[in-house]
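Colleague: need the 3D shape of this:
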Amino acid sequence: MNIVQRSLNLLFPPLKEITLPSNSENILDHIRDRVVTRVLRLCVLLGFGAVLVGSVAAWEQQDWHTLILGNLAYLVVLFITINQRLPHKARSVALIVVAFLFLFGQMFNQLTEFTLVTLFAFVVMTTLLLGPRGGQLAFVLSLATMLLMNWRFSTGQAQFSISMAPFNEPLPTILVLYTDWAFFVGLFLFSIWLYFDGFMIAWSREKKATALLAEERDRLAMAFAREQALLEQLTQAHQREIELSRMKSQIITTVSHEFRTPLTVVNNSVELLTNYGDRFDEAKRQEIQQRINESVYFLTELLEDASLVNKAHVQGFVAEMALLPLNGLARRLKKELLQETNDPPNVVFVYDREDETAVCLDYDLLCRATFNLLHNALKYSPPEAKITVEITRTDALRVSVTDAGIGIDPNDAQHIWELFYRGRNTLEKRGMGLGLYLVKQLIQAMDGTVTAVSPGLNQGSTFTIQIPPKPC
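Modeller: Numbering: from 1, shown residues only. Predicted coordinates:
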């Protein structure tokens, strides 16, 4: 069994697997290598029976020329089949040369009805193994061979004989035609089959390569999209840095300008108290102390607002939402806001003292925003004018501050929420245009909104904060 297996492995070693070509290799060379290897094996297999039958028939007919030529051709093909180290082109050329010499040697002295079939098979096999140029050369050789045979037949140097023997002839003589037919036709059919098989392998590789290219294209497209997104983020970050730098510069300029007046007031007031305090009565001293307190309060608020604006630009406000009962929220707001504004008598808080419905919000953000609105209402309203802070809840929590002050100029309505913007009718009062900007940023941190409504100049205004309901 081992001897048989070794013999088979020697004659028919396993074919190399076709892989994707690299460098200068061509997938067609892989296909032709497989085709010529299998054609040689088919020649050995099919040719063994044809040579055996033909040799017996030639022996009986004492046709030593055919006997020697057939066996010699078979041995050459066997040698080419075993020696796989030869390149496929060299093996193809050797097989074609051996086939042509064998056919030419057979047809030189004797023509049969099978002659043209073998020449046709020779042309087709040469084309399959050596390509179009090899096929053209084989066509010219076959045509020249036909002309030569025709000339020899015309001059009587070659005879035409019938290759199909009657059934009363010896069996080897009868089988010669059939074995030759099986050899040539089988070789032709199997070669076509192998080519189609090779092309299917090439097509499969092509589809895989196309799929890999498509994946690579998609990957590159995604990478490009990520790069574009990163570039957009960097551009936005750069723009934010430019805006932040501009804002900081403007804050420094504005704050330094706004600091001058209150610091001058403080400096002058302290100087008056120091140098002439003993000459002033108590009412005068209280008046000077009040100016100092107001200036210090203004500076404190100014610094706090500037700090909050910087925080809004650099990192934004982060809401820490928590549940509070509506009436508890209102009482707490009333207490802290009145305390922060020195308990003005004209401020009225309106809310339902029995409503304990829980609302979700960040109290510190809401308190700061409401304080800014109430502070503006007090600042831009007559001292005796009523200011109403109403806290209600329908679908959303609503906190509105209504005053009877200077109102909002219609031309300023779209700009009052912008940083450093001040309405035309507010310039007589000190300020930097930070309050309403901060209100909007604080409320947006809770996904809320703030709106302003005014009938017109000197007709008051209403600022309304709305915070939508959400789970905490």
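Colleague: list the contacts of residue 435.
Modeller: Neighbour list for residue 435: 305, 372, 373, 375, 376 [criterion: C-beta atoms under 8 Å, 6 or more residues apart in numbering]. In this view, the C-beta of every residue, glycine as well, is placed from N, C-alpha and C.
Colleague: kindly report the same for residue 468.
Modeller: Residues near residue 468 by C-beta under 8 Å, 6+ apart: 395, 396, 447, 448.
Colleague: could you redo the last one with a cut-off of 10 Å?
Modeller: Residue 468 makes contact with 360, 395, 396, 397, 446, 447, 448, 449, according to C-beta atoms under 10 Å, 6 or more residues apart in numbering.
Colleague: quick check: bridge partners of the last one?
Modeller: So that's residue 449. Taking DSSP bridges as the rule, residue 449 bridges to residue 466.
Colleague: pLDDT, neighbour count and secondary structure added to the contacts of residue 435, as a markdown table?
Modeller: Formatted as a markdown table, the contacts of residue 435 follow (pLDDT from 0 to 100; neighbours: other C-beta atoms under 10 Å; DSSP: H, G, I helix; E, B strand; the rest coil):
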| residue | pLDDT | neighbour count | secondary structure |
| --- | --- | --- | --- |
| 305 | 73 | 21 | helix |
| 372 | 92 | 22 | helix |
| 373 | 94 | 27 | helix |
| 375 | 91 | 16 | helix |
| 376 | 91 | 21 | helix |
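Colleague: just the helices in the stretch 1-150 of the chain please.
Modeller: 2-11, 27-61, 64-82, 88-109, 115-155 (DSSP state H, counting those that start in this stretch).
Colleague: can I get those helices in JSON lines with mean pLDDT?
Modeller: Formatted as JSON lines, the helices of the stretch 1-150 of the chain follow (pLDDT from 0 to 100):
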{"stretch": "helix 2-11", "mean pLDDT": "54"}
{"stretch": "helix 27-61", "mean pLDDT": "76"}
{"stretch": "helix 64-82", "mean pLDDT": "80"}
{"stretch": "helix 88-109", "mean pLDDT": "81"}
{"stretch": "helix 115-155", "mean pLDDT": "86"}
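Colleague: out of those helices, flag the one nearest residue 464.
Modeller: Of all these, it is helix 27-61 that lies closest to residue 464, at 75.3 Å by C-beta to C-beta.
Colleague: looking at the helices of the stretch 1-150 of the chain, which is nearest to residue 187?
Modeller: That would be helix 27-61 among the helices of the stretch 1-150 of the chain, by C-beta to C-beta, at 5.6 Å.
Colleague: may I see the buried residues of that closest one?
Modeller: By neighbour count on 16 or more other C-beta atoms under 10 Å, the buried set for helix 27-61 is 27, 30-47, 50-58.
Colleague: tell me what that helix is packed against?
Modeller: Judged by 3 or more C-beta pairs under 10 Å, 6 or more residues apart in numbering; DSSP states H and E, helix 27-61 is in contact with helix 2-11, helix 64-82, helix 88-109, helix 115-155, helix 171-276.
Colleague: still on that earlier bit, nearest to residue 193 among the helices of the stretch 1-150 of the chain would be which one?
Modeller: Proximity to residue 193 (C-beta to C-beta) singles out helix 27-61 among these, at 9.3 Å.
Colleague: gap between the closest one and the chain center?
Modeller: Chain-centre distance of helix 27-61: 55 Å, with C-alpha atoms, centre = their mean, to the nearest Å.
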